[in-house]
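K.L.:
Please find the sequence and the predicted model below.
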Number of protein chains: 2
Amino acid sequence: MKVCEIRFKGNAENYSVIIGKNILKILPKKIEILCPKAKKIALIIDSNIPNKFRRDLKKILKNYDLFFYSFKSNEKSKSITTVNKLLNKLLIKKFNRSDLILSIGGGITGDVVGFISSILKRGTNFINIPTTLLAQVDSAIGGKTGVNSLHGKNLIGSFYQPKLVISDTSFLNSLPKREMVCGYAEILKHAIIKDKNFFGWLKKNSRDVFLKKSDALIYAIKKSCEIKMFFVNRDVNEKNIRMKLNFGHTFAHAIEVKNRYSKKINHGEAVLSGMILETKLSVFKKICNLKVLEKIKKVYQENNLITVIDQFSKKNIINKITPFLKNDKKNDDERINFILLKGIGKTTEPNKNKVSLNELKKFNKNITQY
Amino acid sequence: MKVCEIRFKGNAENYSVIIGKNILKILPKKIEILCPKAKKIALIIDSNIPNKFRRDLKKILKNYDLFFYSFKSNEKSKSITTVNKLLNKLLIKKFNRSDLILSIGGGITGDVVGFISSILKRGTNFINIPTTLLAQVDSAIGGKTGVNSLHGKNLIGSFYQPKLVISDTSFLNSLPKREMVCGYAEILKHAIIKDKNFFGWLKKNSRDVFLKKSDALIYAIKKSCEIKMFFVNRDVNEKNIRMKLNFGHTFAHAIEVKNRYSKKINHGEAVLSGMILETKLSVFKKICNLKVLEKIKKVYQENNLITVIDQFSKKNIINKITPFLKNDKKNDDERINFILLKGIGKTTEPNKNKVSLNELKKFNKNITQY
């Protein structure tokens, strides 16, 4: 069993991310150490998870009072209403701070369950078991929790760290290609903003990641978590350096809002588009060399990702998505805050590249030339 | 102008509590330093606050985009529904993390507005202006925020520190006697659990506090905040020593739940009752000398508080309130967690005095002898 462990070092809390294949059996020992007073465990499980895992968990955790809740995860159920319903279920069962809430599912499940854990009795033990590649490499790391509002995505939430993250790659066996692409987008982002060598590794090994070869998967998840953790450790509440992780995401969010979070384009696909657009913006602003854009595009081509972004490279695309940029929570005035690219492994500093709406109009006129 | 300043020293944050009379005019300078990027200010104001203060604040903060929201504070409006409504109002106005939310009101207002601030875009600037004695000496200090659920009080919430607390005693001019008693209960509690000298001062000067003499008020608020801060600084998330502040509150909460938070008995009155009952329990458990109980009773008598607690000293009272103890969030098993009294200024350690339901039955039989 190949297992990696990464430590998060926050102000008050520490926790591990454990990555491996078929590793759920470590749960009881970990819970004994991390939540010694837990008697009840709520298992909030994405309804898409194969039943096998439910049965496994029931056996593995047989010494606890178990409460299973099926969670239908989609952007609509990522709401205050869902939070309220689940809180009521836990309160009826008299869950205490010292009991444990387990999230088993993708990013949406983790975000909602993490948020619930953070506000149930002002903070209840929480362990996150991400089951999609996207959640394993990104959303399960860093303690961002939250739900959507009518006015935008993730506008209501908290910073709350789990006691433990277990990324078991056996969940990925049943993951569709499109979902793999989704996680891959964030892996690639992490390489682009921070690690030239890892970008090189991805150029050679991305195929194995998509083929779900265990070693490649575990390595890619581990590197990805390390890079994310690097930023989170230095800036838990996202006041500065952590914002670098938003590369690609300013446009990505706007694309998702414009599409009303429809299934036409998922988060990872929006990020893939966003990264290309923001690299182009970096070239347009003369911060970045055209060759860098070419290198990134090549990785897209070799992994058949180019069709995804094609539709978002068209004429007038920036003008179309600009109206949806405004209420992004990273802005603190009328100009738009971007993380731009200087080269592979290097971005601009947060809050140093505010782009006015006028500049975006000019960029829109010039975009077809890249 | 007599002004006191107390510093909170948390892991990541620091903030001041400023106490004085007619001190709201310091706000603009403080906001400039603490929230330099703020453009919009939401003023969420308890509907009971005299209009004069609204007008004053409008003048004082004239350089900002102001949004006034009237908040009808009661235990019913302290709900997720209210939180959701207010969040929507702020999101429509495109409030950002760097803008500012001001709470102007009593404990309920501060708890709800603090909670909203903590989850709006995962944490928005928050300044608390408590306007009741209870809020000034207790709930505004320590970062506990939250709302009630159908299943109990304050079951949903977060730990979130404000950028600043301003306790202006001029708000107390219009405060009814019963509300003064409410705050006084917590002041007295702080003295009883931590500070023999302050308890001595209260024996002599409580009269002046009730007469709202400025110097006595400011001193009592300051001492009270210092004692609360002592515990909060050492244990922000209430895992251990901070629980000492729960003295009197285990029974008090049960009394409030039993009465369905009706106006027959308010929080302070429940705490006054709870402190007497828990001191009696301490005597019953032979942790505390009967003389200590007598000393505390004397302060009650001299300040005409005894009628409040009379009804809760009657036969069978413990049996009546015990059923309402169970879902208190401080318990982590079937026994009830109490902070008991060893003497004036000294309590037992948290989690060291779990009392079984059987013991409470015996105590119930013996209570009339104290």
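P.N.:
Received, thanks. Residues are numbered from 1 along each chain as shown, chains lettered A, B, ... in the order given.

K.L.:
Now do the same contact list for residue A:347.
P.N.:
By CB atoms under 8 Å, 6 or more residues apart in numbering or on different chains, the contact list for residue A:347 reads A:193, A:244, A:247, A:339-341. In short, each C-beta sits where N, CA and C put it, glycine included.

K.L.:
Who wins on neighbours among the residues you listed?
P.N.:
Neighbour counts for those, by other CB atoms under 10 Å in any protein chain shown, peak at residue A:341, which reaches 28 neighbours.

K.L.:
For it, which residues are in contact?
P.N.:
A:192-193, A:247, A:278-279, A:282, A:287-288, A:292, A:347-348.

K.L.:
go again using 6 Å as the cut-off
P.N.:
Taking CB atoms under 6 Å, 6 or more residues apart in numbering or on different chains, we find residue A:341 in contact with A:279, A:282, A:288, A:347.

K.L.:
Could you measure from residue A:353 over to chain B?
P.N.:
With distances defined as CB to the nearest CB, to the nearest Å, the gap from residue A:353 to chain B amounts to 16 Å.

K.L.:
Dihedrals phi and psi, that residue?
P.N.:
With angles defined as degrees, to the nearest 10, residue A:353 sits at phi -130, psi 70.

K.L.:
related to what we said a few turns ago, of all the contacts of residue A:341, which comes closest to residue A:137?
P.N.:
Among the contacts of residue A:341, residue A:347 lies closest to residue A:137 (CB to CB), at 18.2 Å.

K.L.:
Is that closest one bridged to anything, and to what?
P.N.:
Beta-bridge partners recorded for residue A:347 (DSSP bridges): residue A:341.

K.L.:
Now do stretch A:165-184, average pLDDT.
P.N.:
Average pLDDT, stretch A:165-184: 95.

K.L.:
in it, what counts as buried?
P.N.:
Across stretch A:165-184, burial judged by 16 or more other CB atoms under 10 Å in any protein chain shown covers A:165-172, A:175, A:179-184.

K.L.:
now stretch A:295-308
P.N.:
Within stretch A:295-308, the residues that count as buried by 16+ other CB under 10 Å are A:295-297, A:299-300, A:303, A:305-306, A:308.

K.L.:
What of stretch A:85-92?
P.N.:
By neighbour count on 16+ other CB under 10 Å, the buried set for stretch A:85-92 is A:86-88, A:90-91.

K.L.:
quick one on the thing from earlier: looking at the buried residues of stretch A:165-184, which one is closest to chain B?
P.N.:
Nearest to chain B among these, counting by CB to the nearest CB, is residue A:165 at 18.8 Å.

K.L.:
Pull the residues that contact the helix or strand hosting that closest one.
P.N.:
Following DSSP states H and E, one finds residue A:165 within strand A:164-168. Here strand A:164-168 makes contact (CB under 6 Å, 6+ apart) with A:15-19, A:23-24, A:30, A:34, A:127-130, A:136, A:140, A:221.

K.L.:
Please name whichever of those scores lowest on pLDDT.
P.N.:
Scoring those by pLDDT puts residue A:15 last, at 87.

K.L.:
Is it correct that it falls within a strand?
P.N.:
Yes - according to DSSP: H, G, I helix; E, B strand; the rest coil, residue A:15 belongs to a strand.

K.L.:
Quickly list what it is bridged to.
P.N.:
Going by DSSP bridges, residue A:15 forms beta bridges with residue A:8.

K.L.:
gap between residue A:343 and residue A:352?
P.N.:
From residue A:343 across to residue A:352, the span is 16 Å (CB to CB, to the nearest Å).

K.L.:
between those two, who's got more neighbours?
P.N.:
It is residue A:343, of residue A:343 and residue A:352, that has more neighbours when counted by other CB under 10 Å, with 15 against 11.

K.L.:
OK, contacts around the more buried one?
P.N.:
Shown in contact with residue A:343 (CB under 6 Å, 6+ apart): residue A:292.

K.L.:
What pLDDT is listed against it?
P.N.:
Here, the pLDDT recorded for residue A:343 equals 97.
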